[in-house]
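Visitor: Quick one: sequence and predicted model below, then my questions.
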Amino acid sequence: MDPAGGCPHAANARLLARGAVTPVVLPGEVEGMAVLGHDALKEFLAHPDVAKSAQHFAALQAGEIADGWPLRTFATVPGMTTADGADHRRLRSLTSKAFTARRVEELRPRVETLTATLLDALEAAADCGVVDLRRHFALPLPMGVICELLGVDDRHQDRLHHLSDRIVATDIGPAEATAADQEMVRVLSAVAAARAADPGDDLTSALIAARDEDGDRLGPQELIGTLMLTIVAGHETTLNLITNAVRALCAHRGQLALVRSGGASWADVVEETLRWDSPVSYFPFRYPTRDLTVGGTVIPKGTPVLAGYSAAGRDTQAHGPDAARFDVTRDSTTRHLSLGHGAHYCVGAPLARTEATVALEQLFTRFPDLDLAVPESELPRHASFVGNSVRELPVRLRR
């Protein structure tokens with residue numbers, strides 16, 4: 001895997017032509033595998049003999065993984081993404097109430113208001129009509145919403161995004177990876193302490209109450225791990241989703257015109273973007289608890305496996321020969337897997353969909369002629385094979 005990331009689609013197509021499952025070499029010469037094909041990935045994500053707990057990561061348990069390994073946090077952070085069975089259900093139940101479809105619908109007016117405020121600021125921030133849409137709009141919308149849900153003070157938001165960006169990076173060295181992880185723990189510990197001293201109607205206060213009422217429900221490390229997961233996943237994926245959708249619509253003006261004329265919905269845009277340019281390319285990790293044959297390939301017990309969401313989204317075996325085409329009217333019985341599948345399906349999926357739908361509709365209603373200010377090929381990519389997007393999105397608000 002290229003630690004510098006970049007656009008994954010050409011490499012994905014080459015790998016898919018060879019098979020649905022492939023060996024990969026992770027940073028630090030760690031041997032792993034990636035599941036790329038849609039059907040194989042769907043089977044693998046829901047397989048009863050596949051675990052998330054790092055106790056099944058053979059190389060880690062053998063002491064072969066360095067403390068500063070850039071992907072170590074993904075494997076070891078205490079929380080529901082690294083828990084199985086009853087532990088996973090316990091941790092998921094503590095957070096899922098904040099992200100139900102009903103709760104998210106109650107949040108919609110707040111999302112709409114924040115979106116409108118950010119669009120006002122976007123126009124003010126433009127220099128000769130050009131502005132970085134990612135920095136001034138696609139980032140502060142999901143970050144603002146998730147921090148409000150968690151009761152995180154505004155002054156922490158910029159730092160939390162920077163640290164999140166470091167945690168999902170795959171091109172950084174051991175010292176930087178360790179420092180980012182440690183600082184994230186310090187910041188979130190301060191957030192938890194503030195909420196413990198002054199509880200409110202927020203998720204962090206609810207988690208602290210669950211910890212204090214019954215220590216068996218949530219341990220101290222699990223509290224910080226859950227906050228870290230919610231912050232990182234709660235804004236990075238939606239940030240990439242909005243960014244990728246805007247890029248797609250700017251490159252496919254006919255599709256944008258179709259949506260604006262009512263021929264398709266903004267929700268259709270969100271679903272097609274999730275499939276066509278998944279905000280997460282390869283997500284770490286799952287581990288077979290026995291030698292497992294998936295897609296005709298044996299994945300040895302204890303192997304760290306990447307879920308290849310960006311590859312599965314363009315798998316022609318599942319999505320047809322035109323899978324590489326962006327089409328908001330796509331009528332497919334095969335649903336994308338970009339938000340997961342099975343027990344670990346993304347708990348924040350309703351919120352991500354709502355934020356992206358509201359953002360795109362208001363953005364292109366306010367600025368119907370919005371377009372990229374530089375060619376797509378000049379946009380700098382994420383330095384990660386986990387996140388899939390660009391680091392900047394300069395756009396011209398009006399022609």
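Guide: Cool, the structure landed. Numbers count the residues shown, from 1 in each chain.
Visitor: give me the element residue 244 is part of.
Guide: Per DSSP states H and E, residue 244 falls inside helix 220-251.
Visitor: moving C-terminal of that helix, what's the next helix or strand?
Guide: Defined by DSSP H and E, the subsequent element after helix 220-251 is helix 253-260.
Visitor: which helices and strands does the helix or strand just after that following helix pack with?
Guide: Downstream of helix 253-260, the next assigned helix or strand under DSSP H and E is helix 266-276. Packing partners of helix 266-276 (3 or more Cβ pairs under 8 Å, 6 or more residues apart in numbering; DSSP states H and E): helix 220-251, helix 253-260, helix 309-313, helix 349-366. Where C-beta positions appear, they are placed from N, C-alpha and C, glycine not excepted.
Visitor: Give me the most central residue, the chain.
Guide: Central residue of the chain (Cα atoms, centre = their mean): residue 237, 3.0 Å from the mean position.
Visitor: Buried deepest among the helices and strands packed on helix 266-276, which one?
Guide: helix 309-313 (a mean of 27; mean count of other Cβ atoms under 10 Å).
Visitor: what does the average pLDDT come to for that one?
Guide: For helix 309-313, mean pLDDT is 98.
Visitor: How far away from the center of its chain is that helix?
Guide: Offset of helix 309-313 from its chain centre (Cα atoms, centre = their mean, to the nearest Å): 13 Å.
Visitor: Just the residues contacting it, thanks.
Guide: With Cβ atoms under 8 Å, 6 or more residues apart in numbering as the test, helix 309-313 has contacts from 8-9, 12, 15-16, 34-38, 41-42, 274-278, 280-283, 318-319, 323, 336-338, 388.
Visitor: now with 7 Å?
Guide: 8-9, 12, 15-16, 36-38, 41, 275-276, 278, 280-281, 283, 336-338, 388 (Cβ atoms under 7 Å, 6 or more residues apart in numbering).
Visitor: And for stretch 124-133?
Guide: For stretch 124-133, the surrounding residues in contact (Cβ under 7 Å, 6+ apart) are 122, 136, 246, 373, 392, 393, 394, 395, 396, 397, 398.
Visitor: List the buried residues for the worst-scoring helix or strand of the chain on mean pLDDT?
Guide: Sorting the helices and strands of the chain by mean pLDDT, DSSP states H and E puts helix 203-213 at the bottom, at a mean of 84. Across helix 203-213, burial judged by 16 or more other Cβ atoms under 10 Å covers 203, 204, 205, 206, 207, 208, 210, 211.
Visitor: And stretch 84-104, by the same measure?
Guide: Those buried within stretch 84-104 under the rule 16+ other Cβ under 10 Å are 84, 87, 88, 90, 91, 92, 94, 95, 98, 99, 104.
Visitor: Counting only helices, which of these make the cut?
Guide: 87, 88, 90, 91, 92, 94, 95, 104 (DSSP state H).
Visitor: and stretch 61-73, average pLDDT?
Guide: Across stretch 61-73, pLDDT averages out at 93.
Visitor: Need the distance between the two termini of it.
Guide: Using Cα to Cα, to the nearest Å, the end-to-end distance of stretch 61-73 comes out at 15 Å.
Visitor: what residues does it touch?
Guide: Residues from elsewhere that reach stretch 61-73, judged by Cβ under 7 Å, 6+ apart: 26-28, 30, 55, 59, 167, 169-170, 172, 174-175, 177-178, 181, 284.
Visitor: Next, the angle from the helix holding residue 244 to helix 85-96.
Guide: Relative orientation of helix 220-251 and helix 85-96, computed by axes from the mean of the first three to the mean of the last three Cα atoms, to 10 degrees: 60 degrees.
Visitor: Residue 230 reaches residue 151, doesn't it?
Guide: No - using Cβ atoms under 7 Å, residue 230 is not in contact with residue 151, being 11.4 Å away.
Visitor: Show me which pair in the contacts of stretch 124-133 is furthest apart.
Guide: Within the contacts of stretch 124-133, 392 and 398 form the most distant pair, 19.6 Å apart (Cβ to Cβ).
Visitor: which one of these two has more residues nearby?
Guide: residue 392 (14 against 11; other Cβ atoms under 10 Å).
Visitor: Go ahead and confirm the more buried one touches residue 380.
Guide: Yes - applying Cβ under 7 Å, one finds residue 392 in contact with residue 380, separated by 5.8 Å.
Visitor: Please determine how far residue 217 is located from residue 108.
Guide: Counting by Cβ to Cβ, to the nearest Å, the separation of residue 217 from residue 108 is 30 Å.
Visitor: C-alpha coordinates for stretch 271-278, CSV please?
Guide: Backbone C-alpha positions of stretch 271-278 (Å, rounded to 0.1, in the frame of the first residue of the first chain) are rendered in CSV as follows:
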residue,chain,number,x,y,z
GLU,A,271,-25.7,7.6,-2.5
GLU,A,272,-24.0,7.6,-5.9
THR,A,273,-21.0,9.5,-4.4
LEU,A,274,-20.7,7.0,-1.6
ARG,A,275,-20.5,4.2,-4.2
TRP,A,276,-18.5,6.0,-6.9
ASP,A,277,-15.9,7.8,-4.7
SER,A,278,-16.2,6.3,-1.2
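Visitor: avg pLDDT for that stretch?
Guide: Stretch 271-278 shows a mean pLDDT of 98.
Visitor: Strands of this protein, start to end?
Guide: 21-26, 30-35, 50-51, 130-132, 282-288, 292-294, 297-299, 305-308, 371-372, 394-396 (DSSP state E).
Visitor: can you redo those strands as JSON lines with distance to residue 113?
Guide: Below are the strands of the chain laid out as JSON lines (distance: least, Cβ to Cβ, whole Å):
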{"stretch": "strand 21-26", "distance to residue 113": "43"}
{"stretch": "strand 30-35", "distance to residue 113": "41"}
{"stretch": "strand 50-51", "distance to residue 113": "42"}
{"stretch": "strand 130-132", "distance to residue 113": "21"}
{"stretch": "strand 282-288", "distance to residue 113": "32"}
{"stretch": "strand 292-294", "distance to residue 113": "46"}
{"stretch": "strand 297-299", "distance to residue 113": "47"}
{"stretch": "strand 305-308", "distance to residue 113": "35"}
{"stretch": "strand 371-372", "distance to residue 113": "27"}
{"stretch": "strand 394-396", "distance to residue 113": "22"}
